[in-house]
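# return atomic coordinates for the entry below.
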Amino acid sequence: QLIDTAVEMDVVGAFRDCNTTVEGDDVVKKCEHLCALHGLSARDFVSHYDAYVVSTNKANNSTVTATDIEAFLPRLTRELSQRNKHLQRTPTGATTMSRKLARGRNLAEELIQRFNVGEKEAEAMKESVKKEAISSKRRSANTQGAATKRSGVANLDGSSLTSSPSSSRRSTLSPTKTQTTALSYSERSDSGKRTTFNPNELQVDTVSSPPTVNLLGFTGQLTVPYKYMFEKLLDRADCIDSRVEYVTEKIMRRNKKEILQRMNESQKDADDSATASLQHIEFSDVGMASQGSSLFAGKVFLSANSGQKKIHSLELEGSIETSNGRRVHLNLSNDISTSVFAGQVVVVEGLNATGTNLNAVKIYSDGSGHHKKTNAMELEEIYYGKTADMNNTNTVGVKLLVVTGPYTIEKDGQLDYSPLDDFLMKVEEGDADVVIMQGPFVDAGNKVIQVCALDRSFEDEFDYVMEKIALCVQNLIDKQKTTKLIVIPSVSDVTHDPVYPQAPLTPPTSFAQHIKDRVHFFPNPAMFMINELVIATTSLDTLFDINKNEVAKNPTTRNKMLRLVEHVVQQRSFYPVDPPSEHVHIDFDNMKYIEMEVRPDILIVPSKLRIPTHCVGKTLYVNPQTLTRSSSGGTYADITVVAPSRDSLIGAIEKANAEGKDGKALSFAANAAQRTVCDIVRI
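Next comes the predicted model:
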């Protein structure tokens, strides 16, 4: 068969564009036969070959030889077989298996005969075709199985739910999804509906704002953008190992009393005079066999071989310092109460008799910090002023509104800002002291954004959203209201770097100075103080990812909703999952910005899981969810934190003075969970 000269030049030219030459006419003819056989253009063929040499570390070869083409044939056969599988409509079941196997076998035979492929290479090609057909069948079965599983919902306590609509817990525990029969935003009938958290039955209808509302961001937070995708593997390992050591230290200090008691008991069995101290405790190598109970520190992982979370797939990876990064199977077969997840830093007491199987007896994971305390006299001044009327009995408190994007819905192929406009109207009509607005402001997941159906750039769209916020602030100023706004980005913001942590958004140049004084741009995640309250917030759905990776056995906290939030607080991290979810891109060089310096009084983490507002110790967890859901409306949070009464503050100071203590130095933790009312409001 004669080869068209123009086509031959295309092959040579395509290789030349990749700085590669072809050795001899025979090799060119082989390439042309392959292009004709598979309907490939010269550039497509070279693209396949280029990907092959890169993946096999042969990118330095500047000449294509006949041997290279023969080695490339099995790879090309496999790739094109996969392509044909997706392009052609094929029936399911055994018929599909046989047809694909026959088609692949015929293709392999033709390649073998045409290019005189050696016996060894021919067998490899046939085996590749057979494996591909079997793998295709398995993937099809897995897809059908996954579809079957999706018809039911997993309970947060680990049990399974059927797809029956009569399931009593499904609406509470499943991720929030807009049903196919849901009304559009304009047709919604439950606007203004409130779900209230008020365990102490506080009366907040007449709460007035304090004379002072101080807003202060924590020092040491991320303030400017950074370069990413420049991580070196060793630097990343050092960052992860530093975090393991940091959290391990916090766990040891938090559980000092119990750990020392158990260690002393075990040592006294061997030596009555032995007494352990925290400074003298050394962690054992996770890969070293020992005949006695020891302490091991490291990070929990799920075995890569299991493919799913199982109690038998747990592994513990020790630190570089103590274990040189080795991993060992973490056995929870003993009578143990624990809940762990991939990426969790733990201290394990157990026995590793073989060096490969760590039988855990006790697992410590609580490394949470302490609440920040505020001076009693400062509290009195903040909420009641220096010259406040002692007879004034009005209740004082801080009012917050918290909302998370997306802020738009799709309507007639365009972005509809009705939800954002309605929320900003609520802000103008209300009396909130601080409004926390989290992204995404221009959502990368919106279909209008994905197909680029906008009539302006993404940056102009973001400026348009900011102009709406600026107009709201101007109206507040005209009404002589002192409301402050906090703007926090999201990894789904199309105008921002999609890495975590994120630097603050850049305010538009059109913002006047008096607007900038009211609108504060914070990073994601962020920690800040409103008066004495420490607030920690992130727009990332951390709890959803922890839920996917958690394994529990007889957990002390039976309520999984409560347990998920506990993991975040106890691990002192806004995102403790490792490896991260596929949609979360962590910059490990900046992991320090993800850590919680102190235990927050209010933790705000929006989640698709329907986790209600609740207390985790003295920390109040709030899930505002999102302002929009598909084409319908979502929710936002309305929070009121009542100030401690003036009588209680003065009484505590006088009592301290009477006991011979310095009443002026008396300080209190906020204990916000006991004096807060939180409403989740339907927009």
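
# residue 195 in helix, strand or coil?
Secondary structure, DSSP: H, G, I helix; E, B strand; the rest coil: residue 195 is strand.

# contacting residues around it?
Counting by Cβ atoms under 8 Å, 6 or more residues apart in numbering, residue 195 touches 612, 679-680. From N, CA and C alone the C-beta is placed, and that goes for glycine too.

# now do 10 Å
Residue 195 sits next to 612-613, 635, 637, 678-682 when contact means Cβ atoms under 10 Å, 6 or more residues apart in numbering.

# would you reformat those as TSV and include pLDDT, secondary structure and distance to residue 504?
Below are these laid out as TSV (pLDDT from 0 to 100; DSSP: H, G, I helix; E, B strand; the rest coil; distance: Cβ to Cβ, whole Å):
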residue	pLDDT	secondary structure	distance to residue 504
612	92	coil	30
613	94	coil	27
635	96	strand	25
637	97	strand	22
678	96	strand	26
679	96	strand	28
680	96	strand	27
681	95	strand	27
682	94	strand	30
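
# just the buried ones from these?
Buried by 16 or more other Cβ atoms under 10 Å: 613, 635, 637, 678-682, out of the contacts of residue 195.

# returning to that earlier point: pipe the contacts of residue 195 into a markdown table and attach distance to residue 340 per row.
Output for those, formatted as a markdown table (distance: Cβ to Cβ, whole Å):
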| residue | distance to residue 340 |
| --- | --- |
| 612 | 24 |
| 613 | 26 |
| 635 | 31 |
| 637 | 30 |
| 678 | 30 |
| 679 | 34 |
| 680 | 30 |
| 681 | 36 |
| 682 | 36 |
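
# from the residues you listed, pick the one nearest residue 526.
Nearest to residue 526 out of the contacts of residue 195 is residue 637 (Cβ to Cβ; 15.9 Å).

# can you list the low-confidence ranges for this structure?
1-9, 54-55, 57-60, 83-122, 125-126, 128-182, 266-280, 304-309, 386-394 (pLDDT under 70).

# which residue is nearest the centroid of it?
Nearest to the geometric centre of the chain sits residue 542, at 4.0 Å (Cα atoms, centre = their mean).

# check contacts around that residue.
Residue 542 sits in contact with 500, 525, 564-565, 567-568, 573-577, 581, 584, 594, 605-607, where contact means Cβ under 10 Å, 6+ apart.

# let's go with 6 Å and repeat that
Taking Cβ atoms under 6 Å, 6 or more residues apart in numbering as the criterion, residue 542 is in contact with 575, 605.

# mind listing what's buried along stretch 468-477?
With burial defined by 16+ other Cβ under 10 Å, the residues of stretch 468-477 counted as buried are 468-470, 472-473, 476.

# from the chain's centre, how far out does it sit?
32 Å (Cα atoms, centre = their mean, to the nearest Å).

# wait, is residue 82 part of a strand?
No. Counting by three-state DSSP, residue 82 is located in no strand; its state is helix.

# so what's the residue count around it?
Residues near residue 82, counting by other Cβ atoms under 10 Å, number 13.

# that one and residue 31, how far apart?
Using Cβ to Cβ, to the nearest Å, residue 82 is found at 21 Å from residue 31.

# and the gap between residue 653 and residue 223?
38 Å.

# so these two - more neighbours on which side?
Ranked by neighbour count (other Cβ under 10 Å), residue 653 and residue 223 place residue 653 first, with 20 against 12.

# which residues does the more buried one contact?
Residue 653 neighbours (Cβ under 6 Å, 6+ apart): 376, 663, 666.

# of the residues you listed - the most surrounded one?
When neighbours are counted by other Cβ under 10 Å, residue 376 leads the contacts of residue 653 with 22 neighbours.

# surely that residue touches residue 650?
No. Taking contacts as Cβ atoms under 6 Å, residue 376 lies outside contact range of residue 650: 8.5 Å.

# part of a strand, is residue 259?
No. Residue 259: not assigned to a strand; according to three-state DSSP it is helix.

# could you count how many residues lie near it?
Based on other Cβ under 10 Å, the number of other residues close to residue 259 is 21.

# which residues does the helix or strand that contains residue 245 contact?
Using DSSP states H and E, residue 245 sits within helix 233-254. Identification of contacts with helix 233-254 by Cβ under 6 Å, 6+ apart yields 297, 299, 319-320, 345, 347, 364, 366-367, 588, 591.

# list buried residues within these.
297, 299, 319-320, 345, 347, 364, 366-367, 588, 591.

# in strands only, show me the residues you listed.
When these are checked against strands (DSSP state E), the matches are 297, 299, 345, 347, 364.

# and the furthest pair within those?
299 and 364 (13.5 Å).

# before we move on, back to that, nearest to residue 454 among the buried ones among the contacts of helix 233-254?
residue 588 (34.1 Å).

# look up how far residue 575 lies from that closest one.
Following Cβ to Cβ, the distance that separates residue 588 from residue 575 is 11 Å.

# residue 321: how many residues sit nearby?
12.
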